[in-house]
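Enquirer: Provided below for reference: sequence and predicted model.
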Amino acid sequence: MQAAVWYRARDLRVEPVEIPRLQDPHQVKIKVAACGICGSDLHEYAAGPIFIPVDAPHPISQQQAPIIMGHEFAGEVVEVGERVTRVKIGDRVAIEPILSPHRDGHYLMERYNLTPLLGFHGLSGGGGGFSEYTVVGEHMVHPMPETLSYEQGALVEPAAVGLHAVRQSSLKAGDSAVVFGAGPIGLMVIESLKAAGAAEIYAVELSDVRRQKATDLGATALDPQQDDVVEQLHDLTKGGVDFAFEVTGVPAVLNQAINSTHAGGETIVVSIWESDAAIQPNDLVIKERSMKGIIAYRHIYPAVIALMQQGYFPAEELITGRIALDDVVEKGFDTLLNDKSHVKIIVAPAT
């Protein structure tokens with residue numbers, strides 16, 4: 001079969017690899033139907049390794065680079081181990097790609113995303129969604145209703161990040177929030193804020209196209225090139241927003257996010273960072289603001305799928321490109337790095 005294999009930064013190759021086989025009675029073989037290119041994938045391609053194991057095998061996957069990429073995907077179950085009970089052959093499933101200690105088809109930790117061994121199928125070895133087939137544990141598969149397309153299923157993973165970020169905040173219905181960065185995850189945070197009942201939602205974004213996407217999803221979009229967005233947010237909310245979500249990984253933006261909140265406000269850092277960021281601690285101390293980070297998600301896929309059935313996280317609003325696996329580098333990764341008007345590009349493996 002064909003797969004997109006990461007060798008090093010800027011070296012991603014579509015090449016033939018062996019079709020994976022079940023190695024455990026709790027494993028499931030998936031025929032991949034759709035896989036999204038994630039911001040984390042872009043980080044690995046442009047400046048990795050970050051999550052990709054290079055110097056030693058990942059302790060759970062037991063693999064190191066070169067590895068198959070792709071962790072936002074959905075597909076059809078084509079084979080199951082003899083002890084699998086959650087799905088059967090023919091089921092349509094979304095994959096939760098977290099690598100965390102597991103046994104007998106279950107994660108071992110309650111907060112399994114916080115394991116020091118954290119990895120991701122499609123970033124840390126074990127296979128990935130940029131391939132025709134892949135094998136995962138049954139604890140990683142979530143059945144999808146017939147009403148959701150495979151493309152919608154490929155959006156469950158990034159939507160889970162957005163929903164987890166909002167759930168981990170202290171936000172309550174009626175509160176105000178700003179999202180710095182209206183890329184794929186930022187837009188998922190906006191959708192999650194809507195589902196959580198936020199009364200006022202703002203988005204700060206450089207790209208005209210992405211600002212329009214944020215507007216289409218119901219946010220008030222601001223252009224940081226035109227105005228001082230911190231001052232503007234304080235004016236619009238009469239003192240600052242209740243919550244700020246930082247989804248850019250840009251040091252200056254982190255400071256803007258913190259200072260956009262009122263006294264006692266909260267900033268949630270969602271980004272994966274390529275570099276250090278300096279803040280002035282007094283911006284937190286003197287106004288008793290708080291800041292917290294989130295990584296990935298846990299126990300949230302069923303909630304995301306249920307919200308999708310209600311119309312949240314719509315594929316038609318979020319997908320801006322569809323490509324074949326053979327084109328994943330030129331029309332996928334390179335395009336996303338050079339053209340910020342795109343939101344989500346979906347890769348369809350040729351089978």
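Expert: Yes, it's here. Numbers count the residues shown, from 1 in each chain.

Enquirer: In contact with K88, which residues?
Expert: When contacts are counted by CB atoms under 8 Å, 6 or more residues apart in numbering, K88 touches 77, 80. For the C-beta atoms, the positions are set from N, CA and C on the backbone; glycine is no exception.

Enquirer: Got phi/psi on the residue lying closest to S290 once chain neighbours are set aside?
Expert: Distances taken as CB to CB, 6 or more residues apart in numbering place E266 nearest to S290, at 4.9 Å, with adjacent residues excluded. Per-residue torsions, E266: phi -130, psi 140 (degrees, to the nearest 10).

Enquirer: now I319
Expert: phi -90, psi 120.

Enquirer: I'd like the average pLDDT over stretch 332-350.
Expert: Stretch 332-350 shows a mean pLDDT of 90 in the predicted model.

Enquirer: I meant stretch 121-141, not that one.
Expert: On average, stretch 121-141 scores 98.

Enquirer: returning to that earlier point: hang on, the residue nearest to S290 packs against A244?
Expert: Yes: E266 lies in contact with A244 (CB atoms under 8 Å); the separation is 7.5 Å.

Enquirer: Pick out whichever of the two has more residues nearby.
Expert: More neighbours surround A244 than the other of E266 and A244, with 31 against 20 (other CB atoms under 10 Å).

Enquirer: which residue packs closest to that one, ignoring adjacent ones?
Expert: Closest to A244 by CB to CB, 6+ apart is A257, at 4.0 Å.

Enquirer: same thing with A221?
Expert: R211 (4.0 Å).

Enquirer: How about the secondary structure of the one you found?
Expert: helix (DSSP: H, G, I helix; E, B strand; the rest coil).

Enquirer: can I assume it is in contact with D223?
Expert: Yes: if you go by CB under 8 Å, R211 and D223 touch, sitting 6.5 Å apart.

Enquirer: okay, and the common contacts of the two?
Expert: E205.

Enquirer: Those two: which has the busier surroundings?
Expert: R211 (18 against 14).

Enquirer: residues contacting the more buried one?
Expert: 182, 203, 205, 221-223.

Enquirer: can you check K194 too?
Expert: K194 neighbours (CB under 8 Å, 6+ apart): 201, 217-218, 312.

Enquirer: And the helices in the stretch 101-250 of the chain?
Expert: Using DSSP state H, counting those that start in this stretch, the helices of the stretch 101-250 of the chain run over residues 150-154, 156-168, 184-196, 208-216, 229-237.

Enquirer: Just send those helices back as CSV, with distance to D326 and mean pLDDT too.
Expert: Putting the helices of the stretch 101-250 of the chain into CSV (distance: least, CB to CB, whole Å; pLDDT from 0 to 100) gives the following:
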stretch, distance to D326, mean pLDDT
helix 150-154, 18, 98
helix 156-168, 23, 98
helix 184-196, 23, 97
helix 208-216, 26, 95
helix 229-237, 41, 98
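
Enquirer: Could you list every helix and strand in contact with the helix or strand hosting T335?
Expert: If you go by DSSP states H and E, T335 is part of helix 334-338. Helices and strands touching helix 334-338, by 3 or more CB pairs under 8 Å, 6 or more residues apart in numbering; DSSP states H and E, are helix 39-47.

Enquirer: and the next element down the chain from the helix it packs on?
Expert: Defined by DSSP H and E, the subsequent element after helix 39-47 is strand 67-68.

Enquirer: Now for the contacts of K194, which sits with the most neighbours around it?
Expert: Counting by other CB under 10 Å, top hit in these: I201 with 24 neighbours.

Enquirer: Roughly how far does that one sit from Q226?
Expert: To Q226, I201 is 19 Å away according to CB to CB, to the nearest Å.

Enquirer: For S149, grab the count of nearby residues.
Expert: When neighbours are counted by other CB under 10 Å, S149 comes out with 17.

Enquirer: In space, what's closest to it - neighbours in sequence excluded?
Expert: Nearest to S149 is A315, by CB to CB, 6+ apart, at 6.5 Å.

Enquirer: hang on, the one you found packs against V156?
Expert: No: using CB under 8 Å, A315 is not in contact with V156, being 10.7 Å away.

Enquirer: For those two, work out which one has more neighbours and name it.
Expert: V156 (29 against 18).

Enquirer: Setting aside sequence neighbours, what's the nearest residue to that one?
Expert: In space, V156 is closest to A94, 4.1 Å off (CB to CB, 6+ apart).

Enquirer: Quick one, grab the pLDDT at that neighbour.
Expert: Residue-level pLDDT assigned to A94 equals 98.
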